[in-house]
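Enquirer: Here is my input; please provide its structure:
(chains A and B)
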Amino acid sequence: GQNIDQPTEMTATEGAIVQINCTYQTSGFNGLFWYQQHAGEAPTFLSYNVLDGLEEKGRFSSFLSRSKGYSYLLLKELQMKDSASYLCAVRDRDYKLSFGAGTTVTVRA
Amino acid sequence: IAGITQAPTSQILAAGRRMTLRCTQDMRHNAMYWYRQDLGLGLRLIHYSNTAGTTGKGEVPDGYSVSRANTDDFPLTLASAVPSQTSVYFCASSEKNTGELFFGEGSRLTVL
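Expert: Numbers count the residues shown, from 1 in each chain, chains lettered A, B, ... in the order given. Have a look, this model is predicted:
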């Protein structure tokens, strides 16, 4: 099974940087995903890590350390539209995704 | 391109009634999933299907059943709804090898 932990809430100022940490324990690791979910909407894919290291995609970066069971999502140059819930998800060897409870990020002017 | 379509968008249901949530995808993805999302608990997997003709149980399967007669459709049935099944239900699909999930817009179900 999976045990995925991430902070419940974070607040940051427009233009700043925020780092959302995710730790996991899994019986069979096969990739880590980050999703963004705005209130009342469906989750949308942000990033995917299967090997250790940093994946960068525009203002968003995601890091993975498999030995530590740790990932983070880095949001740079925060914009008001980045206010959303960010979901960490771990894929197992059966290709099922298990999600953390999500981190609600509030961006303030 | 529609992607994933769920129906109904919202439904209020009396306890004890049978309900089927429909899910159709037009991306020819092998794998499909049903999740429920509850405040503070995040997305929890109910049932999944890695390919047409096969299904599997997720984290919270009790009270739910699914079928996968073809690639495109993956209905979720509540045989006898209970108030604890009040939730937002998301259907999702993926290409098995990539794993990126594409979600439907969700079905909000209230059981009274």
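Enquirer: Please make it C-alpha for all contacts and neighbour counts, starting now.
Expert: Noted.
Enquirer: Enumerate the residues of chain B near chain A.
Expert: Contact residues (C-alpha under 8 Å from any C-alpha of the partner chain) of chain B with chain A: B:40-45, B:48, B:90, B:96, B:99-106.
Enquirer: what about the residue lying farthest from the centre of chain A, distance to residue A:79?
Expert: In chain A, residue A:109 marks the outermost C-alpha relative to the chain mean, sitting 22.8 Å out by C-alpha atoms, centre = their mean. Counting by C-alpha to C-alpha, to the nearest Å, the gap from residue A:109 to residue A:79 is 9 Å.
Enquirer: First-to-last residue distance for stretch B:103-112?
Expert: With C-alpha to C-alpha as the measure, stretch B:103-112 spans 27 Å from end to end.
Enquirer: Can you give me the buried ones in that stretch?
Expert: B:103-111 (16 or more other C-alpha atoms under 10 Å in any protein chain shown).
Enquirer: and what of stretch A:29-42?
Expert: A:29-37, A:42.
Enquirer: Which strand or helix spans the most centrally placed residue in chain B?
Expert: Most central in chain B under C-alpha atoms, centre = their mean is residue B:34, positioned 3.0 Å from the mean C-alpha point. Element membership for residue B:34 (DSSP states H and E) is strand B:31-38.
Enquirer: by contact count, what packs against the helix or strand following that strand?
Expert: Per DSSP H and E, the first helix or strand lying C-terminal to strand B:31-38 is strand B:42-49. For strand B:42-49, the packing partners by 3 or more C-alpha pairs under 8 Å, 6 or more residues apart in numbering or on different chains; DSSP states H and E come out as strand A:97-99, strand B:31-38, strand B:56-57, strand B:64-66.
Enquirer: Just give the nearest non-adjacent residue to the residue of chain B found nearest chain A, would you?
Expert: Using C-alpha to the nearest C-alpha, the single residue of chain B nearest to chain A is residue B:42, 3.9 Å away. The shortest distance from residue B:42 to any non-neighbouring residue, by C-alpha to C-alpha, 6 or more residues apart in numbering or on different chains, is to residue A:101 (3.9 Å).
Enquirer: That neighbour: which element?
Expert: Going by DSSP H and E, residue A:101 is not part of any helix or strand.
Enquirer: Test for you: state the pLDDT assigned to it.
Expert: Looking at residue A:101, its pLDDT stands at 95.
Enquirer: sorry, back to before: who's in contact with the residue of chain B closest to chain A?
Expert: A:99-102 (C-alpha atoms under 8 Å, 6 or more residues apart in numbering or on different chains).
Enquirer: wait, is residue B:84 part of a strand?
Expert: No - counting by DSSP: H, G, I helix; E, B strand; the rest coil, residue B:84 falls outside a strand, being helix.
Enquirer: Now do the same for the closest residue to it other than its chain neighbours: its pLDDT.
Expert: In space, and not counting its chain neighbours, residue B:84 is closest to residue B:111: 7.6 Å by C-alpha to C-alpha, 6+ apart. Residue B:111 carries a pLDDT value of 97.
Enquirer: Kindly report the same for residue B:40.
Expert: At residue B:40, pLDDT is 84.
Enquirer: and the nearest residue to residue B:16 once chain neighbours are set aside, how many neighbours?
Expert: Of all residues not flanking residue B:16 in the chain, residue B:80 sits nearest, at 4.4 Å (C-alpha to C-alpha, 6+ apart). Residues within reach of residue B:80, counting by other C-alpha atoms under 10 Å in any protein chain shown, total 14.
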